[in-house]
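>>> Provided below for reference: sequence and predicted model.
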Amino acid sequence: MPHGYVEAENHISRAEKANATRRTRGKEEAPPDALSSVANKVYEKISIYIPTNIKSKSKKANFVSISKNSNIYAGIDIDVASGGGLRMNEERSGLIGVPYKGSKNPCDPILEYDVDKNELIFRSMSKSDYEHLKSTRELKPTTETSISPAIAYSLEYACPEASETIQFILKPGTSEELQTIGLSMGKAAEERFPTMTKSLGKWAMTNAQFKSEGKQMTTQLGQGDAINIFNKCIVDYKPIQRIFK
């Protein structure tokens, strides 16, 4: 499951390196249209992971993420005119909860940040758990209480009429605080957090657990200290409007 920012960066970087090689060998560079073609191919590849209610206004390839409101179009445009590379959509900047900066490492526990460096995270939950969130402004613990930095992965746990997918906006540094009581589970998590203690036994009341699932890093909050950290760091939350086919 590719993360939009990372996939875009990889393809554009390859195109730019190819042009650099052409320059070194005295050959003609690929025209901007070639970069545009690469960009559109990337968009076609990742579009299946985009919620069907999120659309792009731009005629350029647009790597769509998620936004605070369904009428705000989040994403990164490819700036073909300048020879490739990513640039921010200025119409979106400065809005709390709207992705402003993305991580290049798909194994990071946080993949997107807003302009205030708040961390953006997602969870699909039952209708009753959403009612609890609305009444208390706290996430209700379940067995593992997993949260995901990737909207596409979180949507895999959503179902029509029986659940809600929520975007949480968390204070800067929330994930780092969770990592101080974190345990790594599995090879990918151990490589991403080499100094973190490995998960070997009971953890849910005292620790957070980090686990790679679906090519993204899930943070499991459990039922105790980690979910308490999470709840105290909630800046805001928004339900994601979904359309199921």
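Great, that's in hand.

>>> give the contact list for the residue nearest to residue 205 when sequence neighbours are not counted.
Closest residue to residue 205 apart from its sequence neighbours, by C-beta to C-beta, 6 or more residues apart in numbering: residue 224 at 3.6 Å. In this view, the C-beta of every residue, glycine as well, is placed from N, C-alpha and C. By C-beta atoms under 8 Å, 6 or more residues apart in numbering, the residues touching residue 224 are 141, 204-206.

>>> where's residue 224 relative to residue 195, distance?
22 Å (C-beta to C-beta, to the nearest Å).

>>> Likewise for residue 158?
34 Å.

>>> Looking at these two, which one has more neighbours?
Neighbour count, other C-beta atoms under 10 Å: between residue 158 and residue 195, residue 158 has more, with 18 against 6.

>>> can you redo the contacts of residue 224 as CSV with secondary structure?
As requested, these are exported to CSV (DSSP: H, G, I helix; E, B strand; the rest coil):
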residue, secondary structure
141, coil
204, coil
205, coil
206, coil
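
>>> Now pLDDT too, for those, in a markdown table please.
As requested, the contacts of residue 224 are arranged in a markdown table below (pLDDT from 0 to 100):
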| residue | pLDDT |
| --- | --- |
| 141 | 96 |
| 204 | 96 |
| 205 | 97 |
| 206 | 97 |
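
>>> Quick check on these: which are buried?
Among the contacts of residue 224, those scoring as buried are 141, 204 (criterion: 16 or more other C-beta atoms under 10 Å).

>>> Now render the contacts of residue 224 as CSV, adding distance to residue 100.
Converted to CSV, the contacts of residue 224 look like this (distance: C-beta to C-beta, whole Å):
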residue, distance to residue 100
141, 30
204, 33
205, 35
206, 34
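
>>> Low-confidence regions, this protein specifically.
1-16, 19, 28-94, 242-245 (pLDDT under 70).
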